[in-house]
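[1] Turn this into a model:
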Amino acid sequence: SMSAFGAYFKLTESGPSNSSHVGLLVPISAEPVDVHVGLAWMAVGSMCLFIAGFAVGWGPIPWLLMSEIFPLHVKGVATGVCVLTNWFMAFLVTKEFSSIMEILRPYGAFWLTAAFCILSVLFTLTFVPETKGRTLEQVTA
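    Numbers count the residues shown, from 1 in each chain. Predicted coordinates for the structure are as follows:
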């Protein structure tokens, strides 16, 4: 929440400001600076919604699921491959996102991300088994 509110105030301040340079501080008024304040709130709200959604879903669930879904005789190697793949893909997304934004423009890059999110939901609904209330032997079978 601190980063979200910090981003909001950085987006809405009227002049150059840096908290480490006290002489340059510009007081933040309760009045909106311009008409783009609504867009700043939308950006901050969207960021908060993404962080909250990721924190309860796509962030921790793959780590939990891989410990439940692999049989004992391959669990160590399979978990290692999953972790390697996860971090490698995170690296690729981080490294290539700016290139994708140049090619597809920002709106295209975010539509591409939305498409991948929809595909991942469909994949999960179709192929990932429910493990609630099942033993490891039942999941393995």
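[2] Does the longest helix that the chain contains pack against any helices or strands, and if so which?
    Of all the segments of type helix in the chain, defined by DSSP state H, the longest one is helix 75-127. Applying 3 or more C-beta pairs under 8 Å, 6 or more residues apart in numbering; DSSP states H and E, one finds that helix 75-127 contacts helix 61-69. Every C-beta, even on glycine, is put in place using the N, C-alpha and C of the backbone.
[3] Distance from the helix it packs on to the middle of the chain?
    18 Å (C-alpha atoms, centre = their mean, to the nearest Å).
[4] For it, report the contacting residues that lie outside it.
    Helix 61-69 is contacted by residues 75, 78, 79, 82, 86, 128, 129, 131, 136, 139 when judged by C-beta atoms under 8 Å, 6 or more residues apart in numbering.
[5] re earlier: report the mean per-residue pLDDT for the longest helix of the chain.
    Model confidence over helix 75-127, given as mean pLDDT, is 89.
[6] Return the angle between stretch directions for that helix and helix 61-69.
    Going by axes from the mean of the first three to the mean of the last three C-alpha atoms, to 10 degrees, helix 75-127 is angled at 110 degrees with respect to helix 61-69.
[7] quick revisit: closest one to residue 45 out of the contacts of helix 61-69, please.
    Using C-beta to C-beta, residue 86 comes nearest to residue 45 of these, at 27.9 Å.
[8] CA atoms only: put stretch 70-80 into CSV for me.
    The C-alpha coordinates for stretch 70-80 follow below in CSV (Å, rounded to 0.1, in the frame of the first residue of the first chain):
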residue,chain,number,x,y,z
PHE,A,70,4.1,-34.8,-8.4
PRO,A,71,4.6,-38.4,-7.3
LEU,A,72,7.3,-39.0,-4.6
HIS,A,73,9.8,-40.7,-6.9
VAL,A,74,10.1,-37.6,-9.2
LYS,A,75,9.2,-34.8,-6.8
GLY,A,76,12.7,-33.5,-6.3
VAL,A,77,13.7,-33.4,-9.9
ALA,A,78,10.3,-32.2,-11.1
THR,A,79,10.2,-29.4,-8.5
GLY,A,80,13.7,-28.3,-9.6
